[in-house]
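[1] Just a sequence and a predicted model for now, questions to come.
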Amino acid sequence: MGQRRAVVALSAVALSAGLALPAAGASSVGAAPAPTSTVRLSGSLAVAAEQTPRVGAVPADSAVAFEVVLAPRAPTAAKKFATAVSTPGSAVFHHYLTPSQWEAAYSPTTAQVASVTSWLTREGLDVGAVSADRMTVAASGSAARVQRAFGTTLSLHDVGGHTLRLADTALSVPADLAGVVVGASGISQTMATPDLVTDGPTTGVTDGPTTGAGGDAAQPPGYRTAQPCGSYYGQQVDTVQPPYGNGYPSPAPYAVCGYTPPQLRSAYDLPDQAPGGADGTGETVAVIDSYVSPTLAADAAEYAAVDDPGHPYATGQFSELLPARFDKRRQCQATGWYGEQTLDVESVHATAPGAKILYVGAADCFDSLYTSLQTVIDGGLADVVTDSWGDDGGDLLDDAATRASVDDMLTMAAGTGISVLFSSGDNGDEFSTLGFTSPDYPASSPWVTAVGGTTLEIGAAGQRTDETGWSTDRSVLCEKQTLGQAGCTTSTLGTWLAPTGDGGSGGGTSYEYTQPTWQSGVVPTTLATRNSAVTGPAPYRVVPDISMDADPGTGFLVGETQKFPDGTYYDTYRIGGTSVASPLFAGTVAVADQVAGAPLGFLDPALYALHATAPSAIYDTVPSGPQDQSRVDYVNSISAKKGLLYSTRLIDYQGPESYCDGTGNCATRDVDLSVLPGYDDMTGLGAPSTGFTTALARS
């Protein structure tokens, strides 16, 4: 990790800014007497429990693992300090606390932890580890014991196509713990999904837990990018298939084969790191995902050696932090995370080839991801953290207690100088997946830098020729191999079918978080008050904050070991999603940290200030006008042996999108997000441009 050159003690620097720090204290206590009354915890009932269909009961003897979430001491003071230390012009700007100083000032006391563990033990639950920041206490037990302890019942619900366990009512705790316990994360499940797009087959899944050290020997099924495709945007054009028409130009360019690190560094004005130049040296970027590919390190090294030969991995530059065991592999589609890990690690190295990369593999795709994030923050293990995953629509669906516990972690990250990034999602406004519009969480948290996606066009000389918001729709050419698809009949052969949806940068207006001060005056009022019919007239947080390339048609070339019919071996393919954008931006931030000579911490206040102080450092993504792109895919995903599929991708798509609930009920409306001059809810402020890292470092 980069040296913490801006860390100061709890001293007059904080006090002079009116940031009073509570005294650390805490004597342990014995077992508390049995409570005579209980109270309901406000916010502990997930909206999903009321808004999604119940599909079954939770067996009484099924195992439930969860974490009791404790309230921080002086939460208002903690947020005030975290805000001040992140705001340019503040008396304590970039005067961070160490993790131990933060915990001494703001974490729950050991006495409070003891009272919680005593209650859990009385309820017959098994008490596990207490987090280093004392914010969570791990516990487990049968569903019957959990229901009795928290005064609720548990049911299974269908949430966005996933079967999740949810509490039917708000949780109860003993009255004497009402001011101590915020909630219990994990009793009501949230499920994270990786924000990547390949169009390949569903990845393989294996059963059973494995040891953390070795990962899983099974690799995902092979996928290759089909030819023709361009090495840069517009190199190859489609003169074979019929024009799409409808006002789109012809001939259309083919999709790129996958941009390489030198192309992306060039397009985003990241110097090609001559000796002595800024390349992230001295900084550490943590990549957090679920599980671990057994070939992750070897694949990253081979990729750098072949596709970025000027920047091979140095000894000790890559490391892993893994749990003792992995679980829930089938439910989480474990090997489906392997491409995500590969993409994240290789993308960070692409924009910051001198930075150290710490890969942190969570035990599953549920609350273990938050535990991994907590481990990095508590230990001060990185300067920048990139998270290419999220809970679809979680801003609205997740219970307030779960969000509060994560936000408390993120507040600590801000106070201790760690930049935390989350991808904003790949389903646009989420209407097509959930039937309503909502940002994903944690991207919507006001303590996160939410990274959205663009369609980036790079020319032959490595220059950015255009960049607009990533929102695409796809029309498939009706051919013999697509007969039977909707609208493809013998009478429509050789014509383009109606568009069926493709993907887009996640974004939108929060239902839960009012507008942070740093968005005021930059985010249009029409966006900040979009949900006013539900939330009232006050402005609210809007995501994303900034964006980088994410469109799979202009995607990133990755190298990964995959399972092909003729063996398991390393190969390359193109990939997209805001899972590309977040790690690309993480590397960019690591370079800015190096230029600044100190960690930049929570970025958003300084990032939005650039809108006024250095507007040329941010590329304003604007509507592109009618553009389409031809794409070719292998029917069998790996070769032309069984034929090719042809499609046209409509760029900067703003037309209709549909949602069907599985019972035949469907609704259609126009895409809710759009790219506009200035701030917009598809790309945020825009994308890094000339001098971005220097401007951010000087902010």
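    Now that the structure is in, tell me what you want to look at. Numbers count the residues shown, from 1 in each chain.
[2] May I have the predicted confidence score for A213?
    On pLDDT, A213 comes in at 39.
[3] ugh, typo on my part, it should be A486
    pLDDT, the model's per-residue confidence, is 79 for A486.
[4] Leaving out chain neighbours, which residue sits closest to it?
    Counting by C-beta to C-beta, 6 or more residues apart in numbering, L497 is the residue found nearest to A486 once chain neighbours are left out, at 6.9 Å. Using the backbone N, CA and C atoms, a C-beta is placed for each residue, glycine as well.
[5] Can you give me every residue that contacts the one you found?
    L497 makes contacts with 475-478, 482, 485-488, as judged by C-beta atoms under 8 Å, 6 or more residues apart in numbering.
[6] same thing but at 7 Å, please
    Shown in contact with L497 (C-beta atoms under 7 Å, 6 or more residues apart in numbering): 475-476, 478, 485-488.
[7] Could you count how many residues lie near T489?
    One way to gauge burial is a neighbour count; for T489, by other C-beta atoms under 10 Å, it gives 11.
[8] Phi and psi next, for it.
    T489 has phi and psi values of phi -130, psi 180 when expressed as degrees, to the nearest 10.
[9] Need phi/psi at the residue lying farthest from the centre of the chain.
    Going by C-alpha atoms, centre = their mean, the residue of the chain most distant from its centre is S491, 44.2 Å out. In terms of degrees, to the nearest 10, the main-chain angles of S491 are phi -80, psi -10.
[10] From T482, how far out is it?
    Distance check for S491 against T482: by C-beta to C-beta, to the nearest Å, it reads 14 Å.
[11] Same check on V130?
    Distance, V130 to T482, by C-beta to C-beta: 56 Å.
[12] quick one, longest helix in the chain?
    Ranked by number of residues, the top helix in the chain under DSSP state H is helix 578-596.
[13] and the next element down the chain from it?
    helix 604-613 (DSSP states H and E).
[14] Compute the inter-axis angle for that following helix and helix 578-596.
    With axes from the mean of the first three to the mean of the last three C-alpha atoms, to 10 degrees as the criterion, the two stretches helix 604-613 and helix 578-596 enclose an angle of 80 degrees.
[15] Report all helices and strands that helix 604-613 contacts.
    Contacting helix 604-613 under the criterion 3 or more C-beta pairs under 7 Å, 6 or more residues apart in numbering; DSSP states H and E are the following elements: helix 692-697.
[16] which one of the contacts of L497 is nearest Q263?
    Out of the contacts of L497, the one with the shortest distance to Q263 is S475. That distance is 27.9 Å, counting by C-beta to C-beta.
[17] what residues are up against the closest one?
    Applying C-beta under 7 Å, 6+ apart, the residues contacting S475 are 244, 496-499, 647-648.
[18] Repeat the analysis, applying 6 Å as the threshold.
    Contact partners of S475, counting by C-beta atoms under 6 Å, 6 or more residues apart in numbering, are 496-497, 499, 648.
[19] With respect to pLDDT, which of these ranks lowest?
    Least confident by pLDDT among the contacts of S475: that is P499, with 88.
[20] Next one: the closest residue in space to T525 that isn't next to it in sequence from P194, what distance?
    Taking C-beta to C-beta, 6+ apart as the measure, T525 lies nearest to P539, with 6.5 Å between them; neighbours along the chain are not counted. In this structure, P539 and P194 are 31 Å apart, going by C-beta to C-beta.
[21] Please identify which of those two sits among more neighbours.
    Each of P539 and P194 has its neighbours counted (other C-beta under 10 Å); P194 has more, 25 against 20.
[22] surely that one meets Q341?
    No - counting by C-beta atoms under 6 Å, P194 does not reach Q341; the two are 8.9 Å apart.
[23] where exactly do the strands run in the stretch 151-300 of the chain?
    Applying DSSP state E, counting those that start in this stretch to the stretch 151-300 of the chain gives strands spanning 154-159, 162-167, 172-174, 181-185, 193-194, 284-290.
[24] mean confidence for the fourth one?
    Averaging pLDDT along strand 181-185 gives 93.
[25] Can you pull out the residues in contact with it?
    41, 44, 66-69, 71, 171, 173, 367, 401-402, 404-405.
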